[in-house]
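# what follows is a predicted structure for the sequence shown.
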There are 2 protein chains.
Amino acid sequence: MLTVLDGLGDHACKELEGFTPLEKAYSSGARRLKENGSQGLMNVISPGVPPSSDVSHLIMFGYDVEEEYFGRGPIEALGEGVELREGEVAFRGNLATVRIENNHPIVVDRRAGRISGEQTRELVEYLNDEVKCSEDCKVVFKPLSEHRFVMIVSGEGLSHEVTDNDPHAEGKPILLCQPLEEAKDKKGAEKLAKIVNDVTIQAIEKLSKHELNRKRRGSKLPEANAILVRSAGTMRRMRSFEEKWDLKAACVAAGPLYRGVAKAVGMDVYDVEGANGLLNTNIEGKVSKALELLNSYDFVYLHFKGTDVASHSKNPVAKYKFIKRFYDSLRLIDDFVLNSTTIVVTGDHTTPCDRGMHTGEPVPILIASKGLRSDATKVFSEREAAYGGLGRIRGCDVMPILLDSIEKTVEYGTRPSPRRVNYMPKRLMYLSITRF
Amino acid sequence: MLTVLDGLGDHACKELEGFTPLEKAYSSGARRLKENGSQGLMNVISPGVPPSSDVSHLIMFGYDVEEEYFGRGPIEALGEGVELREGEVAFRGNLATVRIENNHPIVVDRRAGRISGEQTRELVEYLNDEVKCSEDCKVVFKPLSEHRFVMIVSGEGLSHEVTDNDPHAEGKPILLCQPLEEAKDKKGAEKLAKIVNDVTIQAIEKLSKHELNRKRRGSKLPEANAILVRSAGTMRRMRSFEEKWDLKAACVAAGPLYRGVAKAVGMDVYDVEGANGLLNTNIEGKVSKALELLNSYDFVYLHFKGTDVASHSKNPVAKYKFIKRFYDSLRLIDDFVLNSTTIVVTGDHTTPCDRGMHTGEPVPILIASKGLRSDATKVFSEREAAYGGLGRIRGCDVMPILLDSIEKTVEYGTRPSPRRVNYMPKRLMYLSITRF
């Protein structure tokens, strides 16, 4: 069971008498795991490099993101329940408010006053009718909650290696979508960038004329008169987690990004009543669902977003209380599960409350398993993890360690191929003596 | 002096009041080394990946096994004193007992009742006369001790990338030898697999007709009526340890695999009376031989198998006593040697007594040298090694550290170097709407 407390790692906080939220939350629930395991510090990528959440999860699941990652857009779209076809390029998007200044559209509100999902639906369907794609390609908008949508571009010869038009800040002009400097398919990226820029301009022209925006102007509400798009990615089929590791896998997560990552690697994704990816989520319900799933799955990925939410709002007290509630829920783990399951508690990155953003600092990781050595440390915490038995690991080490704990590895050296940790002959064929 | 206590790493054992065998064995002999050195944890390959012993040693000796490792068969053959020519494919083999069921030979005894070496010699020489190789290749059997032999296949266009016919369990049918899924030379592997399958069938046919098996049937002894082969490898000349590191190297080991690895890298291999690769080996004799060799060699590799033997039979008390005996023998090291020699004590992998198999957990390593920094830890042990001065290293770090301790390294910096971590977009350009 891999439990990810998003943005878990932190700094010592004066609001917590110099403890980190994780240290302050330490309690009997955590102690039961700690006594059974080793802790360490994990740089998911490498020291000083802050990972984004989707990439971080893929690495921990054992994927080579250089080869296999196809961009965040499709992952979020999948997580929102949008169906994508192989080869389609997906962007996440916001309806936004802009004012025009010297021919530049300047972003006034990145969320158009958090316009309702109903109005967003009306506006993006209008865009689907009105916006014409200038090339031999097709653009479709799909509404999500509030101001959010997905923009899907399909056609031949496109590459998603383009920049966002979203300046990610208010008071700034919408950016020109451009091929990334390091784009491998420059021509495909140029083609897509041209489409995005053209569609952005058309959308601004069309949206300002829509009846609904006329009404919003009248009611002094911010108009939804522009589209901001970001995180282009091309939908591709990834090798599933089960194909890769021969482990049937399920996910319990509420946040769309995490559900999307799980879907992208073919995990079955489960809902829990009252789970919402926020601080007031149903922690016990999620833990209890994960434990139930252990009966029918080999691997359960359990994600909590509350820790990261508290970190981004620079609230160490809320973060500590959230971790405490999680620890309290660990009493649901009975001794049979504790003794027969490898249980991991970690984060996908560090989000210290004093900085309120992802940093490149390592995250603490605790691996409790009867199959592995336990260490001499007492408290699961950022500071003790620095001299724990797991030492300093990378995200790509997680799956090999978990497979080792359940005896799913094969000794390296008995076969000519190494890096494949899980080499097992697929077909056993028997010698048949027909001559007898 | 590199001392490898095979399968050294372990877990806390209830039979040892919660200590690991290494912790429990700690005594004055070890203290003399520890005071002079630093410890750490070593993942010979990477976290979670259990290495086989031959590969682990090659990595610690500084070899790139991806490029240079040629398979276990020839290494074991070399260790047994069998001479091999460049390009020959060698398998380790057992004479075994099978019964035929629906045309499948089912393994009844993998060692044919541990048939004597003398009888094995008679049977494999009979096979050398009777078995015909179906292709333009040649098959030769060489007897070893008891039921063991080496099977050598020579000829053009062969690749050793094939599976074992040995099911490694009794009650199972002999397996069809097949090309490995990841074989680079599929054609060569197919050719070899075809030979192995054909020879296996011929051997079963011929052996059952041999006079000796008729007699064994009469005496109710298990017949030696089949061959099981495993660990194919192609003999290739490796760059010698001395060519690689400019150090004249010797080996003191009794186990054939370890002697084979040493021979494969051109070390001189020495015998010691009473040394046998078992728990009751002559520990003092081996340590004393290694110390003597330090007078004429730059590098001495000293191997003990007892620790691993105890681990595989899940006997932590025997393991602790073996380590204790080894520590006691360290009084043979005089102050001159202690002050002038880099002395390493480590394992090639972890074999915890509770699991009885190689795991991917790191092994403790102690490097004592006047040329290197010593650390603040007190006891050489798995748990203290987690925060020792060597930190977490890989097997490939061993030789550089040893060379550094004796001032045989060159400063790095005269060559261009790696990784760009910090990609940031160079130009931000703004969208301009000229149509307004």
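Arrived safely, thanks for sending.
# please, which helix or strand holds the residue in the stretch 251-400 of chain A positioned nearest to chain B?
Chain B sits closest to A:Pro400 of the stretch 251-400 of chain A, with a gap of 2.9 Å, by C-beta to the nearest C-beta. C-beta here means a position set from N, CA and C on the backbone, and glycine is covered the same way. If you go by DSSP states H and E, A:Pro400 is part of helix A:398-405.
# what packs against that helix?
Judged by 3 or more C-beta pairs under 8 Å, 6 or more residues apart in numbering or on different chains; DSSP states H and E, helix A:398-405 is in contact with strand A:343-346, strand A:363-368.
# just the residues contacting it, thanks.
Contacts to helix A:398-405, defined as C-beta atoms under 8 Å, 6 or more residues apart in numbering or on different chains, come from residues A:2, A:42, A:60-62, A:245, A:342, A:344, A:346, A:365, A:367, A:369, A:371-372, A:390, A:393, A:409, A:421-422, B:46-50, B:359-361.
# again with stretch A:288-304
With contact meaning C-beta under 8 Å, 6+ apart, stretch A:288-304 is reached by A:1-6, A:61, A:241, A:245, A:247-255, A:258, A:262, A:267-268, A:270, A:272, A:281, A:283, A:286-287, A:322, A:326, A:329, A:332-333, A:337, A:341.
# now go through those residues and say which are in strands.
Among the contacts of stretch A:288-304, DSSP state E puts A:Leu2, A:Thr3, A:Val4, A:Leu5, A:Ala249, A:Ala250, A:Cys251, A:Val252, A:Asp268, A:Tyr270 in strands.
# from those, list just the buried residues.
Neighbour-count burial within those applies to A:Leu2, A:Thr3, A:Val4, A:Leu5, A:Ala249, A:Ala250, A:Cys251, A:Val252, A:Tyr270; the criterion is 16 or more other C-beta atoms under 10 Å in any protein chain shown.
# pLDDT score for the nearest residue to A:Asp375 once chain neighbours are set aside?
Nearest non-adjacent residue to A:Asp375, counting by C-beta to C-beta, 6 or more residues apart in numbering or on different chains: A:Gly389, 3.0 Å away. A:Gly389 is assigned 96 on the pLDDT scale.
# neighbours of A:Gly389, how many?
Counted by other C-beta atoms under 10 Å in any protein chain shown, the residues lying close to A:Gly389 total 24.
# please apply the same query to A:Glu181.
Considering only other C-beta under 10 Å, A:Glu181 is surrounded by 13 other residues.
# mind checking the SS state of A:Asn94?
strand (DSSP: H, G, I helix; E, B strand; the rest coil).
# which stretches in the stretch 151-300 of chain A count as helices?
In the stretch 151-300 of chain A, the helices defined using DSSP state H, counting those that start in this stretch lie at A:186-207, A:211-218, A:241-245, A:256-264, A:283-293.
# in stretch A:71-87, what's buried?
Residues of stretch A:71-87 classed as buried: A:Gly71, A:Arg72, A:Gly73, A:Pro74, A:Ile75, A:Glu76, A:Ala77, A:Leu78, A:Gly79, A:Glu80, A:Val82, A:Leu84 (neighbour count, 16+ other C-beta under 10 Å).
# roughly how far apart are the third one and chain B?
What it means is A:Gly73. A:Gly73 is 18 Å from chain B, where distance means C-beta to the nearest C-beta, to the nearest Å.
# the first one too?
The gap separating A:Gly71 from chain B is 15 Å, by C-beta to the nearest C-beta.
# same check, this time on the second one
Here A:Arg72 is placed at a distance of 16 Å from chain B (C-beta to the nearest C-beta).
# pLDDT on stretch A:200-208, on average?
When pLDDT is averaged over stretch A:200-208, the result is 95.
# so which bits of that stretch are buried?
Across stretch A:200-208, burial judged by 16+ other C-beta under 10 Å covers A:Thr200, A:Ile201, A:Gln202, A:Ala203, A:Ile204, A:Lys206, A:Leu207, A:Ser208.
# what residues are up against the nearest residue to the fourth one once chain neighbours are set aside?
Of all residues beyond its chain neighbours, the one nearest A:Ala203 is A:Ile227 (4.6 Å), with distances taken as C-beta to C-beta, 6+ apart. Under the criterion of C-beta under 8 Å, 6+ apart, the neighbours of A:Ile227 are A:93-96, A:127, A:149, A:151, A:165, A:199-200, A:203-204, A:207.
# tell me the centre residue of chain A?
The residue lying closest to the centre of chain A (C-alpha atoms, centre = their mean) is A:Asp54, at 3.1 Å.
# does that one really touch A:Ile75, like I thought?
Yes - counting by C-beta atoms under 8 Å, A:Asp54 does reach A:Ile75; the two are 5.1 Å apart.
# what residues are shared contacts of those two?
Listed as contacting both A:Asp54 and A:Ile75 by C-beta under 8 Å, 6+ apart are A:Leu257, A:Gly260, A:Val261.
# neighbour-wise, which one of these leads?
Using other C-beta under 10 Å as the neighbour criterion, A:Val261 leads the shared contacts of A:Asp54 and A:Ile75 with 32 neighbours.
# how about the contacts made by that residue?
A:Ser53, A:Asp54, A:His57, A:Leu58, A:Phe61, A:Ile75, A:Gly79.
# let me know the closest of these to chain B.
Chain B lies nearest to A:Phe61 out of those, by C-beta to the nearest C-beta, at 14.0 Å.
# pLDDT at that closest one, what is it?
With respect to pLDDT, A:Phe61 has a value of 96.
# that one against A:Ala264, yeah?
No - look at A:Phe61 against A:Ala264 with C-beta under 8 Å: they stay out of range, at 9.7 Å.
# chain B contacts on the stretch 251-400 of chain A?
Residues of the stretch 251-400 of chain A lying close to chain B (C-beta under 8 Å from any C-beta of the partner chain) are A:371-376, A:387-393, A:397, A:399-400.
# change it to 7 Å
Residues of the stretch 251-400 of chain A lying close to chain B by C-beta under 7 Å from any C-beta of the partner chain are A:371-376, A:387-389, A:391-393, A:397, A:400.
# of the residues you listed, which is the nearest to B:Arg236?
Comparing these against B:Arg236 with C-beta to C-beta places A:Pro400 closest, at 28.6 Å.
# please name the nearest non-neighbouring residue to that closest one.
Spatial nearest neighbour of A:Pro400, excluding adjacent residues (C-beta to C-beta, 6+ apart): B:Gly48 at 2.9 Å.
# surely A:Ala249 touches A:Phe241?
Yes - A:Ala249 lies in contact with A:Phe241 (C-beta atoms under 7 Å); the separation is 4.6 Å.
# joint contacts of those two?
Counting by C-beta atoms under 7 Å, 6 or more residues apart in numbering or on different chains, the common neighbours of A:Ala249 and A:Phe241 are A:Met267.
# okay, and for chain A, where does confidence drop off?
Residue ranges of chain A with pLDDT under 70: A:414-436.
# hang on, the earlier thing: contact partners for the residue nearest to A:Pro400?
Going by C-beta under 7 Å, 6+ apart, B:Gly48 touches A:Asp397, A:Pro400, A:Ile401, A:Leu403, A:Asp404, A:Thr409, A:Val421, B:Gly360.
# repeat that for 10 Å
Neighbouring residues of B:Gly48 by C-beta atoms under 10 Å, 6 or more residues apart in numbering or on different chains: A:367, A:372, A:393, A:396-405, A:409, A:421, B:359-362.
# again, but for A:Leu390
Taking C-beta under 10 Å, 6+ apart, we find A:Leu390 in contact with A:37-42, A:364-367, A:372-373, A:375, A:377, A:397, A:401, B:41, B:47, B:361-362, B:386, B:392.
# that one - nearest residue in space that isn't next to it in sequence?
A:Gly40 (2.6 Å).
# quick check: the one you found touching B:Asn43?
No - at 11.9 Å, A:Gly40 does not count as touching B:Asn43 under the criterion of C-beta atoms under 10 Å.
# between the two, which one's more packed in?
More neighbours surround A:Gly40 than the other of A:Gly40 and B:Asn43, with 28 against 25 (other C-beta under 10 Å).
# thanks a lot, see you next time.
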